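1. would you be able to build a 3D model of this:
(chains A and B)
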Protein chains: 2
Amino acid sequence: MSLLNSLRELEKEYKLTLSPLQRALLTSNGSTTTLLEAFTGKEVEVRGRQQRIIPADSRLAEELQVEHKSAISERIVHLINAESSKTLAYAISYTPIERLSTELRKDVQSTDIPIGKILKRHKLETRREIKKIGFQRDTKFTEIFGVECCIYRMYLIICNSTPLMKIEEYFPYYRDDGESL
Amino acid sequence: MSLLNSLRELEKEYKLTLSPLQRALLTSNGSTTTLLEAFTGKEVEVRGRQQRIIPADSRLAEELQVEHKSAISERIVHLINAESSKTLAYAISYTPIERLSTELRKDVQSTDIPIGKILKRHKLETRREIKKIGFQRDTKFTEIFGVECCIYRMYLIICNSTPLMKIEEYFPYYRDDGESL
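-> Next comes the predicted model:
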């Protein structure tokens, strides 16, 4: 199914009306930070919420093509409009430690550099495979975004034919439209 | 200079007010077709205008890191909203023939497949380097877009540490905003 059809299915299933900006955030295979900076016209900053090493459970191991219990860097960040301090996205990335050079590991484990900028700085050639887009309603989002509805996507960043990262990104869903970014 | 600052300089120099969508089209490092499909909510089709082999002049040779007079595939296309038939972008790509496998060459020289889809189909890992963004006023654009003002960008798609393509993309600049996509 094309991404455009996935968007249409999502809108139908949850009775959503996605704005052009929201559709782009869910389907673009470019840097999310760059898109958010374009949409807001403001610098976007990363605020780290958590960074730790976890063992891959069977699902992560399968998705990332690593052995069960391999060491995975889990990084949770908020992407913030640097001017208004508004939270634009909540993102979790999972990176197998075994795929990281020492320098790359340093940047990935620092929680204040956007993934897109890390890839750019290290001149990594990659491709992004969007695995899922969806909608979620959870009171835990209220604390982050001020609304409890989110649209999200899950994708892999592939490098050297293997998954370098799995990323989940959540964006607030305001009933009006994405302009409230 | 950051891309956001380049946008600000561009707006200042030409007294433009770029919409969020226009800013994204100029700065995203993802597929342009995917962005246009997200923005319009409609399928985007490619209409080939011209496809030929040209010898690299000294500028192209330098940009693409090939020998002077190397064979380059030049491909000129319009990206069209499949429903309204409106032209959303005018794009020229230059690809050194020597960098193309037989299968890739077939897709690049066919003018009805968007570059982003070609990269995806062949699972190519790449990165995009935006070299320039700008504004141009030329009566030749009137025939294509119905307006003579365009914003444009020029970027390289890098694969295996060498430029696989140089791409120029022109988008109509409407004085109201980008919603008229």
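
2. for the rest of this, base every contact and every neighbour count on C-alpha atoms.
-> Fine.

3. tell me the SS of the closest residue to chain B within chain A?
-> Chain A approaches chain B most closely through residue A:30 (3.5 Å), counting by C-alpha to the nearest C-alpha. Under DSSP: H, G, I helix; E, B strand; the rest coil, residue A:30 falls in the coil class.

4. give me the nearest residue to it, chain neighbours excluded.
-> residue B:30 (3.5 Å; C-alpha to C-alpha, 6 or more residues apart in numbering or on different chains).

5. which residues in chain A form strands?
-> Here chain A has its strands, by DSSP state E, at A:44-55, A:71-81, A:87-96, A:127-137, A:149-159, A:162-172.

6. just checking: what are the partner strands of the fifth one?
-> According to DSSP bridges, strand A:149-159 has the following sheet partners: strand A:127-137 (antiparallel), strand A:162-172 (antiparallel).

7. okay, angle between the last one and strand A:87-96 too, please.
-> Angle of strand A:162-172 versus strand A:87-96, following axes from the mean of the first three to the mean of the last three C-alpha atoms, to 10 degrees, is 160 degrees.

8. let's see strand A:162-172 as CSV, backbone CA atoms only.
-> Extracted C-alpha coordinates of strand A:162-172, given in CSV (Å, rounded to 0.1, in the frame of the first residue of the first chain):
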residue,chain,number,x,y,z
THR,A,162,21.3,-3.5,8.0
PRO,A,163,19.1,-1.4,10.4
LEU,A,164,21.2,1.2,12.1
MET,A,165,18.2,2.5,14.1
LYS,A,166,14.6,2.0,14.8
ILE,A,167,12.8,5.3,15.5
GLU,A,168,9.3,6.0,16.9
GLU,A,169,8.1,9.6,16.5
TYR,A,170,4.9,11.0,18.1
PHE,A,171,3.4,14.3,17.1
PRO,A,172,0.5,16.1,18.8
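
9. now do it against strand A:71-81, angle only.
-> Going by the same axes, to 10 degrees, strand A:162-172 makes 40 degrees with strand A:71-81.

10. rounded mean pLDDT for strand A:162-172, please.
-> If you average the pLDDT over strand A:162-172, you get 97.

11. buried residues, that strand. List them.
-> A:163, A:164, A:165, A:166, A:167, A:168, A:169, A:170, A:171, A:172 (16 or more other C-alpha atoms under 10 Å in any protein chain shown).

12. also the first one?
-> Neighbour-count burial for strand A:127-137, with 16+ other C-alpha under 10 Å as criterion, is recorded at A:127, A:128, A:129, A:130, A:133, A:134, A:135.

13. for the nearest residue to the fifth one once chain neighbours are set aside, give me its contacts.
-> On the basis of C-alpha to C-alpha, 6+ apart, the spatially nearest residue to residue A:133 that is not a chain neighbour turns out to be residue A:153, at 4.2 Å. Residues touching residue A:153, when contacts are defined by C-alpha atoms under 8 Å, 6 or more residues apart in numbering or on different chains, comprise A:26, A:130, A:131, A:132, A:133, A:134, A:168, A:169, A:170.

14. mind running it again at 6 Å?
-> A:26, A:132, A:133, A:168, A:169 (C-alpha atoms under 6 Å, 6 or more residues apart in numbering or on different chains).

15. can you count the residues close to residue A:27?
-> 24 (other C-alpha atoms under 10 Å in any protein chain shown).

16. could you find the closest non-adjacent residue to it?
-> Per C-alpha to C-alpha, 6+ apart, closest to residue A:27 is residue A:3, 6.4 Å.

17. and the pLDDT for that neighbour?
-> 92.

18. ok, back up a step: make TSV from the strands paired with strand A:149-159 and add distance to residue A:39 to it.
-> Formatted as TSV, the strands paired with strand A:149-159 follow (distance: least, C-alpha to C-alpha, whole Å):
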stretch	distance to residue A:39
strand A:127-137	20
strand A:162-172	13
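
19. please tell me I have it right and residue A:70 contacts residue A:56.
-> Yes: using C-alpha atoms under 6 Å, residue A:70 is in contact with residue A:56, at 5.2 Å.
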